[in-house]
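Q: Need coordinates for the following:
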Amino acid sequence: MQHFSRPHIQQHFNHAAVSYDEAAVLQREVAAHLDERLDLITLAPKTILDVGAGTGILTEKLVERYPKAQVLALDLSIQMLQRAHTHLTRPKWPALPKALTDTFNLTRPGATCLNGDAAQLPLADDSVDLITTNLMLQWCDDLDAVFQEFRRVLRPEGLLMLTTFGPDTLKELRQAWSEVDETPHVNTFIDMHDIGDALIRNGFGQPVMDVEHFTLTYSKPMGVLRDLKAIGATNATEGRQHGLMGKQRFTRMLEAYEQFRRNGVVPATYEVIHGHAWAAQEVVKGPNRSRDGLVEISLDEFAKQTRQL
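A: This is a model prediction of the structure:
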């Protein structure tokens, strides 16, 4: 099991706050997919918590979707939250004079930004109706602690909507590094079934999970690394290599990455896990469980089920 250095995660994302929005192409796309899934669920939450909100990419969509709700944006990085605050309070129509937008209250409905850790939420028990988290859980080395906190702050029958990265994420980069040395250079990512099991262990009923794959392409392998650095997604495990890396080894890794080149570009694969579960006092039992209560269904079946809610 990998262990993350929280100070390094915080530092990496603080440094990446300036470049994050431009480089977060995948994060923006996955946030849009998560938001679209909310179309399938009839929900009128009074309080929403977006955990790992970053610069507010998903938070902004939640504010627009649920204008009457209190939206809380929580992140470990202060610099990210400062960016989120800017996005969430900008005028709906930027071209209008500030005096006009102030007079007629033409700013976007805002959100409250909170600096905090997903495993230690600064909220009261049973205080939230909807928790969302977009591509954050891969930075948590104790899912049980995080899901316990999610369940603690969710009201009974509250909803958790999540996305995170699965094991095939950055498989090309992992393979390229493995041909150079045995040092962990790429984070390991948890399997969909393990996430479902963790949800059930911590008071969530009948989690529904599915997976989609994205492939980003680059002219050179260095492009993959530049994008990862720009969004703060550098290796923050406690077993990572410290100090400067030899140029020869780095060059060998880039050469190894070239084996994946097709049609003039190199790929970076991302396996994205989607899931949702309802807070319940007891795990709901049903006939379609695969293992330890986890339900696996297609996206079409997901749509059928949620239309009935």
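Q: check contacts around Leu130.
A: Going by Cβ atoms under 8 Å, 6 or more residues apart in numbering, Leu130 touches Leu43, Pro45, Thr47, Ile48, Leu49, Ala69, Gly158, Leu159, Leu160, Met161. C-beta here means a position set from N, CA and C on the backbone, and glycine is covered the same way.
Q: Not counting sequence-adjacent ones, nearest residue to it?
A: Pro45 (4.1 Å; Cβ to Cβ, 6 or more residues apart in numbering).
Q: Among the contacts of Leu130, which one sits closest to Val265?
A: Using Cβ to Cβ, Met161 comes nearest to Val265 of the contacts of Leu130, at 32.7 Å.
Q: Just to check, the residue nearest to Leu130 is in contact with Asp129?
A: Yes - Pro45 is within contact range of Asp129, at 3.6 Å (criterion: Cβ atoms under 8 Å).
Q: so what's in contact with those two at the same time?
A: Joint contacts of Pro45 and Asp129 (Cβ under 8 Å, 6+ apart) are Ala69, Leu159.
Q: chain center to stretch 149-156, what's the gap?
A: 19 Å (Cα atoms, centre = their mean, to the nearest Å).
Q: For that stretch, C-alpha coordinates in PDB please.
A: Extracted C-alpha coordinates of stretch 149-156, given in PDB (Å, rounded to 0.1, in the frame of the first residue of the first chain):
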ATOM      1  CA  GLU A 149     -16.000  11.200   7.000                       C
ATOM      2  CA  PHE A 150     -18.200  11.400   3.900                       C
ATOM      3  CA  ARG A 151     -20.800   9.200   5.700                       C
ATOM      4  CA  ARG A 152     -20.500  11.100   8.900                       C
ATOM      5  CA  VAL A 153     -21.300  14.500   7.300                       C
ATOM      6  CA  LEU A 154     -24.000  13.200   4.900                       C
ATOM      7  CA  ARG A 155     -27.600  13.100   6.000                       C
ATOM      8  CA  PRO A 156     -29.400   9.800   5.800                       C
END
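Q: mean confidence score for that stretch?
A: Stretch 149-156 carries an average pLDDT of 98.
Q: And the contacts of that stretch?
A: 49, 51, 118-121, 123-129, 131, 160, 202-204, 279-281.
Q: Just the buried ones from these?
A: For the contacts of stretch 149-156, a neighbour count by 16 or more other Cβ atoms under 10 Å gives the buried set as 49, 51, 118-119, 121, 123, 127-129, 131, 160, 202-204, 279-280.
Q: Return the residues in contact with His85.
A: Gly56, Gly110, Cys113.
Q: This structure: strands as residue ranges?
A: Using DSSP state E, the strands of the chain run over residues 47-51, 70-75, 112-115, 128-134, 154-165, 204-218, 266-279, 295-296.
Q: export those to TSV and tack on distance to Asn14?
A: Converted to TSV, the strands of the chain look like this (distance: least, Cβ to Cβ, whole Å):
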stretch	distance to Asn14
strand 47-51	18
strand 70-75	10
strand 112-115	11
strand 128-134	19
strand 154-165	21
strand 204-218	24
strand 266-279	23
strand 295-296	38
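Q: Helices of the chain, start to end?
A: Ranges of helices within the chain are 6-23, 25-37, 57-65, 78-88, 98-103, 143-153, 171-178, 192-201, 221-230, 247-257, 299-307, based on DSSP state H.
Q: weakest of these in terms of mean pLDDT?
A: helix 98-103 (a mean of 46).
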